[in-house]
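A.B. asks: what follows is a predicted protein model with its sequence.
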Amino acid sequence: MAVSKVVIGQGSCGIASGAKKTEAEFLRIVGEENLNVKIDYTGCVGTCYLEPIVDVYEEDGMMTRYVKVQPDKVRAIVDGHIKGGKPVEELAITQGDKNFIDRQQRIVLRHCGVINPEHIEDYLAVGGYEATRKVVTEMEPEEVIEVIKVSGLRGRGGAGFPTWFKWNAARQNKADEKYVVCNADEGDPGAFMDRAVLEGDPHSVLEGMIIGGYAMGATEGIIYCRAEYPLAIKRLEIAMQQAREHGCLGKNIFGSGFDFDIRIKAGAGAFVCGEETALIASLEGERGMPRLKPPFPAEKGYWKKPTNINNVETYANVSWIIDNGGEAFAAMGSEKSNGTKVFALAGKIRKAGLAEVPMGLTIREIIEDIGGGIKNDRQFKAVQLGGPSGGCVPESLADTPVTYEDIVKTGAIVGSGGMIVMDEDTCMVDMARYFLDFTKKESCGKCNYCRIGTKRMLEILERITNGEGRDGDIELLEELAGKIKDGAMCGLGQTAPNPVLTTLRYFRNEYEDHIYRHKCTAKSCKALIHYEITDKCVGCTRCAKNCPVQAISGGIKQQHTIDQSVCIKCGKCMENCKFNAIIKE
């Protein structure tokens with residue numbers, strides 16, 4: 001069967017892996033040989049660890065997916081598949097990697113990696129904007145809110161607040177102007193769900209905002225997108241312009257008399273602007289700092305007008321729910337956590353990428369069955385859920401269902417969906433230090449508990465990881481954490497101690513080892529480890545040659561030694577030793 005088109009994945013992950021060069025090579029060869037094949041592109045399909053990804057479509061719709069396609073592999077695909085008519089099996093995705101996608105249930109990501117995000121025709125071809133047409137021409141606002149209520153959709157950006165309730169609150173508050181805001185700030189380390197959706201399927205987010213605007217009686221939408229997402233902003237701008245040209249956005253949408261338009265505000269990357277009142281302050285040109293609630297944004301938000309804020313993933317669910325009914329969405333997931341959730345798998349996991357699964361799957365199923373388990377066959381130790389506001393869940397609780405209610409019981413939160421996976425070589429004290437360092441730097445400074453409290457907690461954690469821990473440090477961390485949780489003004493400050501509290505809860509022995517035995521259990525903290533050369537050394541000199549500070553001495557065919565006063569503990573000696581003669585203690 002003849003090949004009709006070649007589609008190259010060009011989300012940020014694909015481009016970073018070399019997809020632009022792969023595309024250029026396809027264009028060069030196809031052009032030189034005058035082959036009748038369309039070269040197209042799409043967003044991220046979710047298997048980020050396999051980029052650059054190339055999908056070859058035959059005229060009957062059959063598709064073969066090729067992975068890790070660098071320019072030097074293009075010729076083989078062109079000659080073997082496009083010209084020869086037979087897929088190049090050795091370059092194609094394996095069944096094991098296919099399972100990464102096949103095990104998922106996709107709603108938010110249903111078009112990512114499938115359509116060209118810069119061609120509205122692709123979105124319309126898969127039923128795009130039909131939900132908007134139905135809503136503005138056939139439904140009353142109250143009917144729309146009822147469908148969302150029946151679906152059980154909860155906010156996908158943090159605490160999981162019922163979406164219908166926020167929409168209804170904004171609708172009930174009368175005003176001459178109301179606003180619909182999309183939080184696309186996505187500041188959690190290791191999280192990239194929103195970015196992939198905006199780059200791969202921007203129209204689904206626009207459509208969700210339009211429907212929300214109609215339900216609430218709003219006429220203006222704002223997407224607050226972090227400036228570090230230039231590709232997402234570019235594709236959003238293209239999508240908005242094309243939607244206006246097709247009558248899906250702007251004045252008199254689908255001839256219904258309903259007016260609604262959207263604009264983009266590029267944020268400066270402040271983590272605190274993920275908190276809705278700080279986001280509103282930033283939109284108004286003020287410094288991004290939280291405000292006291294009540295009043296809530298649904299009553300007095302942007303410019304003191306009723307405002308609804310949901311994140312990218314929440315809006316991306318809306319058109320599917322309208323098309324398929326609230327009951328269909330509610331049938332997925334668990335009793336109180338309905339639908340699907342997108343998770344960003346990162347860290348010490350074999351298959352890093354995006355996984356959308358029904359709520360209620362266990363942590364273990366997501367990490368081991370979908371994510372392929374831990375890299376290099378290491379031991380699964382813990383997973384950080386919910387970013388800096390979340391916590392570390394140990395392997396012993398990996399059979400916990402991923403629902404809003406069950407994850408909170410562990411001390412973590414579902415949050416926006418970041419999953420940072422850790423193995424046996426991860427020091428949990430240092431992991432807590434990393435997240436406290438992040439929240440301390442990102443604190444807006446408005447309240448003392450967050451501004452000063454996180455700084456003092458960080459100082460203690462730094463002292464412990466540097467081998468200078470003191471008796472009473474653990475108790476002091478717990479006391480400070482409690483005061484910050486009780487006294488901080490906004491949700492981000494209140495949850496800042498969570499990484500410390502969960503690591504103390506599940507890995508207290510590691511804190512005790514650092515403080516009382518001056519030992520890092522994971523052999524990770526440099527101040528608490530040292531390298532030694534054993535009698536297995538044959539004097540090959542590889543370690544000495546690769547030591548960046550000349551800390552190793554010894555003659556040829558003689559056992560070498562390490563000067564501990566000079567050693568910087570970089571591990572280069574151990575990496576280069578072929579005789580397993582160097583140990584880390």
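C.D. replies: Here it is on my side, so go on.
A.B. asks: please count neighbours and contacts with C-alpha atoms only from this point.
C.D. replies: Will do.
A.B. asks: so where do the helices sit in the stretch 201-350 of the chain?
C.D. replies: According to DSSP state H, counting those that start in this stretch, the stretch 201-350 of the chain carries its helices in the segments 202-216, 230-245, 276-283, 312-324, 326-330.
A.B. asks: list the buried residues of the longest one.
C.D. replies: Yep, that's helix 230-245 we're talking about. L231, A232, I233, R235, L236, E237, I238, A239, M240, Q241, Q242, A243 (16 or more other Cα atoms under 10 Å).
A.B. asks: chain neighbours aside, what residue packs nearest to the second one?
C.D. replies: Meaning A232. Of all residues not flanking A232 in the chain, E199 sits nearest, at 4.7 Å (Cα to Cα, 6 or more residues apart in numbering).
A.B. asks: contacts for the helix or strand where that neighbour lies?
C.D. replies: Assigned by DSSP states H and E, E199 belongs to helix 193-200. For helix 193-200, contacts defined as Cα atoms under 8 Å, 6 or more residues apart in numbering pick out 11-12, 42-44, 108-109, 111-113, 115-117, 184, 186, 205, 229, 231-233, 235-236, 312-313, 342-344, 354, 417.
A.B. asks: now do stretch 575-583
C.D. replies: 531-538, 542-543, 546, 573-574.
A.B. asks: need the max-distance pair from the residues you listed.
C.D. replies: Taking Cα to Cα, the two most distant members of the contacts of stretch 575-583 are D535 and N546; they sit 19.5 Å apart.
A.B. asks: for G415, give its distance to E237.
C.D. replies: Relative to E237, G415 is positioned 27 Å away (Cα to Cα, to the nearest Å).
A.B. asks: my error: substitute E121 in the last question.
C.D. replies: Distance, E121 to E237, using Cα to Cα: 16 Å.
A.B. asks: sorry, back to before: the helix holding E199 versus helix 202-216: what angle between them?
C.D. replies: Between the axes of helix 193-200 and helix 202-216, defined by axes from the mean of the first three to the mean of the last three Cα atoms, to 10 degrees, the angle is 110 degrees.
A.B. asks: helix 193-200 to helix 312-324, inter-axis angle?
C.D. replies: Using the same axes, to 10 degrees, helix 193-200 lies at 60 degrees relative to helix 312-324.
A.B. asks: show me the strands in the stretch 251-400 of the chain, by range?
C.D. replies: Counting by DSSP state E, counting those that start in this stretch, the stretch 251-400 of the chain has strands at residues 261-267, 307-311, 340-347, 353-358, 380-385, 391-394.
A.B. asks: now tabulate those in a markdown table and tack on distance to K526 and mean pLDDT.
C.D. replies: Below are these laid out as a markdown table (distance: least, Cα to Cα, whole Å; pLDDT from 0 to 100):
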| stretch | distance to K526 | mean pLDDT |
| --- | --- | --- |
| strand 261-267 | 37 | 97 |
| strand 307-311 | 39 | 97 |
| strand 340-347 | 20 | 96 |
| strand 353-358 | 30 | 96 |
| strand 380-385 | 20 | 96 |
| strand 391-394 | 22 | 96 |
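A.B. asks: just put those in JSON lines and tack on mean neighbour count.
C.D. replies: Output for the strands of the stretch 251-400 of the chain, formatted as JSON lines (neighbours: other Cα atoms under 10 Å):
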{"stretch": "strand 261-267", "mean neighbour count": "18"}
{"stretch": "strand 307-311", "mean neighbour count": "27"}
{"stretch": "strand 340-347", "mean neighbour count": "24"}
{"stretch": "strand 353-358", "mean neighbour count": "25"}
{"stretch": "strand 380-385", "mean neighbour count": "25"}
{"stretch": "strand 391-394", "mean neighbour count": "27"}
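A.B. asks: can you redo these as CSV with distance to L480?
C.D. replies: What follows is the strands of the stretch 251-400 of the chain, written out as CSV (distance: least, Cα to Cα, whole Å):
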stretch, distance to L480
strand 261-267, 31
strand 307-311, 31
strand 340-347, 29
strand 353-358, 35
strand 380-385, 21
strand 391-394, 17
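A.B. asks: before we move on, back to that, comparing D535 and N546, which shows the higher neighbour count?
C.D. replies: Each of D535 and N546 has its neighbours counted (other Cα atoms under 10 Å); N546 has more, 17 against 12.
A.B. asks: that one reaches M574, doesn't it?
C.D. replies: No - look at N546 against M574 with Cα atoms under 8 Å: they stay out of range, at 9.8 Å.
A.B. asks: and A344, what are its bridge partners?
C.D. replies: Note on A344: beta-bridge partners by DSSP bridges are L354, G418.
A.B. asks: give the contact list for it.
C.D. replies: By Cα under 8 Å, 6+ apart, A344 lies in contact with G190, A191, F192, M193, A352, G353, L354, A355, G417, G418, M419.
A.B. asks: for G386, see how far away the spatially most central residue of the chain is.
C.D. replies: Nearest residue to the geometric centre of the chain (Cα atoms, centre = their mean): A191, 2.2 Å. To G386, A191 is 9 Å away according to Cα to Cα.
A.B. asks: what do the two both touch?
C.D. replies: S416, G417, G418, M419.
A.B. asks: ok, so of these, who is nearest T400?
C.D. replies: Using Cα to Cα, the shared contacts of A191 and G386 come closest to T400 at M419, 14.1 Å.
A.B. asks: quick check: the closest one touching V383?
C.D. replies: Yes - using Cα under 8 Å, M419 is in contact with V383, at 6.3 Å.
A.B. asks: could you export the contacts of stretch 575-583 to JSON lines, including columns for secondary structure, pLDDT and distance to A496?
C.D. replies: Shown next, in JSON lines, are the contacts of stretch 575-583 (DSSP: H, G, I helix; E, B strand; the rest coil; pLDDT from 0 to 100; distance: Cα to Cα, whole Å):
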{"residue": "Y531", "secondary structure": "strand", "pLDDT": "94", "distance to A496": "35"}
{"residue": "E532", "secondary structure": "strand", "pLDDT": "94", "distance to A496": "39"}
{"residue": "I533", "secondary structure": "strand", "pLDDT": "94", "distance to A496": "42"}
{"residue": "T534", "secondary structure": "coil", "pLDDT": "94", "distance to A496": "44"}
{"residue": "D535", "secondary structure": "coil", "pLDDT": "93", "distance to A496": "47"}
{"residue": "K536", "secondary structure": "coil", "pLDDT": "94", "distance to A496": "47"}
{"residue": "C537", "secondary structure": "coil", "pLDDT": "96", "distance to A496": "47"}
{"residue": "V538", "secondary structure": "coil", "pLDDT": "94", "distance to A496": "50"}
{"residue": "R542", "secondary structure": "helix", "pLDDT": "95", "distance to A496": "45"}
{"residue": "C543", "secondary structure": "helix", "pLDDT": "95", "distance to A496": "42"}
{"residue": "N546", "secondary structure": "helix", "pLDDT": "95", "distance to A496": "41"}
{"residue": "C573", "secondary structure": "helix", "pLDDT": "95", "distance to A496": "38"}
{"residue": "M574", "secondary structure": "helix", "pLDDT": "94", "distance to A496": "37"}
